[in-house]
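Engineer: below are the sequence and a predicted model for it; my questions follow.
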Amino acid sequence: MVEPTSTLLVDPGTLVDYNNCTMNMPSSKFSITGARFNTYTSLLDGDDEIFISDGVLPLYTLVKNSGNAIKGNGDISGAVTLYDNNAQLTFNLTGQLSNYVTLNGGKVFLNRDLEFAHDKTFLSSGTVNLSSYNIKFGINNLNWTNSIYWDGDSGSIELNSDVTLAGTWTFSGNCKIKGNNNILQLDSSACIIVERGSTLSIENLNIYGLKNSNFRCLDDAGTISLENSRYILLDNYTFDTGKLIINNLLQINKPSDEPLTFAYKTKQQSIINPCGILYINEGIIFSYEPTCNTRDLIKLGASGSKIVLDKATLHSTSTGMQMTKGVLEVNGACYVASDATCIAEGVICGDGISTENDLKIKILASSNLEITSGCMIMKNLN
């Protein structure tokens, strides 16, 4: 038994190891297999672990090599630092992290949901394997300058404040961002990338600062699934790879007065599901310009699926755009334009084969739909 006020003297070059030791501190009780790195830091050097039985662990933790873990039922107030890109750490903790976790190119695994307090996050770049668990961030606004490779199997990150991102977030596997109606602000150098063959679901999130292709899929097998979220364009934006699935509501709008274009250039078919709404706000030009000769890459999945033009423009290249099922709703002064040189290249409503494929056009009071170029072809049977 060592009293808390006792002094532990270690000669230079001497290593003090812990092997299944239980430490009773004024603020916490924990067991450790590892080493003492300095006065206030524990070292997990490969296949080592800390198990917090109770309270708040104030010590810092340095992690080297693989197979390390922090487990238990308490909180951590000391910083956790992975030494380099060979360092790996698994969290299996019910408590809160009230300090930073610095990755330094290393890798963190989750074996349980994890929660950060206040404005604490991951520092420097590295990989976070969510598995099927959730990381919950605190209520203070976050400035995120580093890049994270998120890997998951139905895992998620949960934002409880506005986030300004200056780095790159890459999502691999099947991941979700739970936005809780907060803003994810993309700075000039920021990117959100969906890895090859992966799916990113976005729920209740406002993504501000879209431009060029700073939110994109890396291949045509990538999917972005959206529910009750907004894209706020800072400049013209291009979606040229992968597909969108709109489950509830996707609004596209902009903060400026000048018209901006959302260019749909992918060869893949995106789906507006039965309760889905693609809401195109004032001054947005939704331009259908795929790199293939396919007209129906915006699919309204059922009669309840809807595209809303709110003082906006629907444009198609000479490929032509065909919409069947669902509803095209017009609010205010809206426009249809195409680069058509013949009827087959225009914007087509319905298919002329089945009434089930008719596109209902709903023009609200004091609204109008004007064809400014090309043609709009009605093939509805009803």
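Structural biologist: Cool, the structure landed.
Engineer: and the helices in this protein, which stretches?
Structural biologist: Counting by DSSP state H, the chain has no helices at all.
Engineer: need the contact partners of stretch 83-99.
Structural biologist: Stretch 83-99 has contacts (C-beta atoms under 8 Å, 6 or more residues apart in numbering) with 44, 52, 56, 62-80, 82, 104-112, 114-118, 120, 126. C-beta coordinates here come from the backbone N, C-alpha and C atoms, glycine included.
Engineer: quote the end-to-end distance of that stretch.
Structural biologist: End-to-end span of stretch 83-99 (C-alpha to C-alpha, to the nearest Å): 16 Å.
Engineer: okay, buried residues for it please.
Structural biologist: 83, 87-93, 95-99 (16 or more other C-beta atoms under 10 Å).
Engineer: same check, this time on stretch 220-235
Structural biologist: Buried-residue list, stretch 220-235, by 16+ other C-beta under 10 Å: 221-234.
Engineer: now intersect the residues you listed with the strands, please.
Structural biologist: Counting by DSSP state E, the buried residues of stretch 220-235 place 223, 224, 225, 226, 227, 229, 230, 231, 232, 233, 234 in strands.
Engineer: need the contact list for the second one.
Structural biologist: Residues counted as contacts of residue 224 (C-beta under 8 Å, 6+ apart) are 194, 199, 200, 202, 215, 217, 242, 243, 244, 245.
Engineer: thinking again about what came up before, just the buried ones among the contacts of stretch 83-99, please.
Structural biologist: The neighbour count (16+ other C-beta under 10 Å) marks 44, 52, 56, 62-65, 68-72, 74-80, 82, 104, 106-110, 114-117, 120, 126 as buried among these.
Engineer: follow-up on the earlier one: for the buried residues of stretch 220-235, give me CSV that also has distance to residue 373.
Structural biologist: Formatted as CSV, the buried residues of stretch 220-235 follow (distance: C-beta to C-beta, whole Å):
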residue, distance to residue 373
221, 35
222, 33
223, 33
224, 30
225, 33
226, 30
227, 34
228, 34
229, 31
230, 29
231, 25
232, 27
233, 22
234, 27
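Engineer: mind putting these into a markdown table with pLDDT and distance to residue 211?
Structural biologist: Formatted as a markdown table, these follow (pLDDT from 0 to 100; distance: C-beta to C-beta, whole Å):
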| residue | pLDDT | distance to residue 211 |
| --- | --- | --- |
| 221 | 98 | 24 |
| 222 | 98 | 19 |
| 223 | 98 | 22 |
| 224 | 98 | 16 |
| 225 | 98 | 22 |
| 226 | 98 | 18 |
| 227 | 96 | 23 |
| 228 | 97 | 23 |
| 229 | 98 | 17 |
| 230 | 98 | 15 |
| 231 | 98 | 11 |
| 232 | 98 | 10 |
| 233 | 98 | 7 |
| 234 | 97 | 5 |
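Engineer: just the contacts of stretch 83-99: which are in strands?
Structural biologist: Reading strands off the contacts of stretch 83-99 with DSSP E, I get 44, 52, 56, 62-63, 68-72, 75-76, 80, 82, 107-110, 114-116, 126.
Engineer: so who does residue 371 touch?
Structural biologist: By C-beta under 8 Å, 6+ apart, the contact set of residue 371 is 335, 336, 337.
Engineer: please repeat the previous calculation with a cut-off of 6 Å.
Structural biologist: residue 336 (C-beta atoms under 6 Å, 6 or more residues apart in numbering).
Engineer: residue ranges in this structure under the pLDDT threshold?
Structural biologist: Within the chain, the ranges that satisfy pLDDT under 70 run 1-26.
Engineer: at 50 what do you get?
Structural biologist: When residues are selected by pLDDT under 50, those of the chain lie in 1-5.
Engineer: could you export the contacts of residue 224 as TSV, including neighbour count and distance to residue 180?
Structural biologist: As requested, these are arranged in TSV below (neighbours: other C-beta atoms under 10 Å; distance: C-beta to C-beta, whole Å):
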residue	neighbour count	distance to residue 180
194	24	21
199	23	20
200	27	17
202	24	12
215	23	19
217	27	24
242	24	25
243	21	25
244	21	22
245	18	21
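Engineer: of those residues, which belong to strands?
Structural biologist: Per DSSP E, the contacts of residue 224 map to strands at 194, 199, 200, 202, 215, 217, 243, 244, 245.
Engineer: do I have it right that residue 198 meets residue 172?
Structural biologist: Yes - counting by C-beta atoms under 6 Å, residue 172 is a contact partner of residue 198 at 5.1 Å.
Engineer: higher neighbour count, those two?
Structural biologist: Shown here are residue 198 and residue 172; by other C-beta atoms under 10 Å, residue 198 has more neighbours (24 against 21).
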